[in-house]
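>>> My questions are about this predicted structure, shown below with the sequence.
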Amino acid sequence: MIDARLAELADRLPNLRLLTAPADLEHYGRDWTRRWTPAPLAVALPSEVAEVQTIVRWANAHSVSLVPSGGRTGLSGGAVAARGELVLSLERMNRLLGFDAVDRTLSVQAGMTLHAVHDAAREQGLIYPVDFAARGSCSIGGNIATNAGGIRVIRYGNTREWIAGLTVVAGNGELLQLNRGLIKNSSGYDLRQLMIGSEGTLGVVVEATLRLTDPPPPSQVMLLALPSMDALMDVFALFRAQLHLQAFEFFTDTALRHVLEHGARRAIDGEHPYYVVTEFDADEAAQELALATFEQGVEHGWISDGVLAQSEAQAMALWRLREGITESLAPYKPYKNDISLRISALPAFLHEIQDLLGREYPHFDVVWFGHIGDGNLHINVLRPADMSEGDFIAQCEHVTRLLADTLQRHGGSISAEHGIGLVKRAYLGSTRSDAEISLMRGVRQVFDPKRILNPGKLFD
Ligand code: MLT
Ligand code: ZN
């Protein structure tokens, strides 16, 4: 080991797993954006909280930047280490710590995958309801760092709603126990909530206490084909008024084309510009109500076709059409926008943005999908084969500036659920006022006075 700082860390923590092989630096230094060339100093994989504290104190002493790291499934560059940072991977801290049947909480280490959290909750006859396609690889610590949303927000809210307590190593190495599982705690600032969505800039989440809830009633899944974007919001209003929705997701024909090319099976024949996958509570009455609601949508001219899943396998196949989109686009390294608006502001915004994107991306493949029931759209832009990556990013950043200005006028957010990271840092000011950003910087200064935690993410 050549680096004297690393040698000292290894000396302080002889049992710490420390990786410096080029393949490891590459693996742990990048996230799903794959835009930056990984260049971390090393990768530390602690196995206990005390080790994390020692690493943070060591980093303070040597002014080494740390990048807290979970499953690195992030799409905003929040876990990228491209400037000689030490990657602090929570991967080995992935144990279930306990279940409390009275409090209905699960205590876990931050490196546990979302999928493992789901399994652990299910074993207790309960659910942890936050869910999305990266469940098998993302970690609960990363979910907390970005206040992850996903496909069930319409029913259950974001990660924020499900965190009863956090154990965090602050930027100075101090251990904080935040909220300790309490339901009610009116005793000053809620530092737990401040940590959620802070993208690793205030502290390293090492453990979390998660609230669980009862499993939902049996559900049904329906795929709808729609003739226009206007119809999307009408169908949403109709379905929300008549059914108890668990999910309401949309995608375009372009998105469908990519998923089908990736091995999914077509469920509705013909050409339709928009599709919706919706899931709703299904007792016997709901089945009839769902069909009646569907018929009403058809009569209004808002729905062109539809399929109601007749089995669990068919429901999964319908969900695959929506959940498979990210993976089907991954080979193209798409430029991703993840925006949100109040649902009431969506129709006017969508019209404006359709014109804007048509004008600015005339020859690009632009793929729309997302959690329309939450006012959250994912706009993925694919690089034309004859364009360099640099020119492509420059063009996308130019359009993102226009998009950010439009969002600002409509009161929206430049990041709904992926976080700001490196990708959207330049546009933070379109969603947050100068006064807010200055307060955020001040908060950061208090928790991490030497700015060793994820510097460059969220703001410069
Ligand atoms: C999704 O909704 O599928 C995720 O946010 C991932 C993505 O946007 O690609
Ligand atoms: Zn999403």
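All right, it came through fine. Ligands and ions are numbered 1, 2, ... in the order given.

>>> Need the pLDDT of the one residue in the stretch 1-150 of the chain that gets nearest to ligand 1.
Closest approach of the stretch 1-150 of the chain to ligand 1 (CB to the nearest ligand atom) occurs at Ala133, with a separation of 5.2 Å. Placement of C-beta: from N, CA and C, glycine included. We have a pLDDT of 95 for Ala133.

>>> unless I'm mixing things up, it is touching Leu329, no?
No - with contact defined as CB atoms under 8 Å, Ala133 does not count as touching Leu329 (11.9 Å).

>>> Now the residue in the stretch 301-450 of the chain positioned nearest to ligand 1: closest residue in space that isn't a chain neighbour?
Residue nearest to ligand 1 within the stretch 301-450 of the chain: Thr326 (3.5 Å; CB to the nearest ligand atom). Closest residue to Thr326 apart from its sequence neighbours, by CB to CB, 6 or more residues apart in numbering: Ala133 at 6.0 Å.

>>> since we're on the one you found, how many residues are nearby?
For Ala133, the neighbour count with other CB atoms under 10 Å is 18.

>>> What residues does it make contact with?
By CB atoms under 8 Å, 6 or more residues apart in numbering, Ala133 lies in contact with Ile151, Glu323, Gly324, Thr326, Glu327.

>>> Am I right that the residue of the stretch 301-450 of the chain closest to ligand 1 is in a strand?
No - per DSSP: H, G, I helix; E, B strand; the rest coil, Thr326 lies outside any strand segment and is helix.

>>> Can you report how many residues neighbour it?
22.

>>> One more: Ser186?
Count around Ser186 with other CB under 10 Å applied: 6.

>>> Close to ligand 1: what parts of the stretch 351-460 of the chain are there?
Applying CB under 6 Å from any ligand atom, one finds that the stretch 351-460 of the chain approaches ligand 1 through Gly370, His378.

>>> rewinding a little: if we take the contacts of Ala133, which one ends up nearest to Leu346?
Ile151 (17.9 Å; CB to CB).

>>> Looks like that closest one contacts Phe369 (just checking).
No - counting by CB under 8 Å, Ile151 does not reach Phe369; the two are 11.1 Å apart.

>>> any residues in contact with both of those two?
The contact lists of Ile151 and Phe369 share Glu249, Arg322, where a contact means CB under 8 Å, 6+ apart.

>>> who touches Met440 in this structure?
Remark: with contacts taken as CB under 8 Å, 6+ apart, Met440 is in contact with Arg432, Leu458, Phe459.

>>> Which one among these sits at the bottom for pLDDT?
Out of the contacts of Met440, that is Phe459, at 92.

>>> On the three-state scheme, it is what?
Judged by three-state DSSP, the three-state class of Phe459 is coil.

>>> for ligand 1, what are the nearby residues on the chain?
Leu75, Phe132, Ala133, Thr326, Asp338, Gly370, His378.

>>> circling back: name the member of the contacts of Met440 with the most neighbours.
Sorting the contacts of Met440 by how many neighbours each has (other CB under 10 Å) puts Leu458 first, at 26 neighbours.
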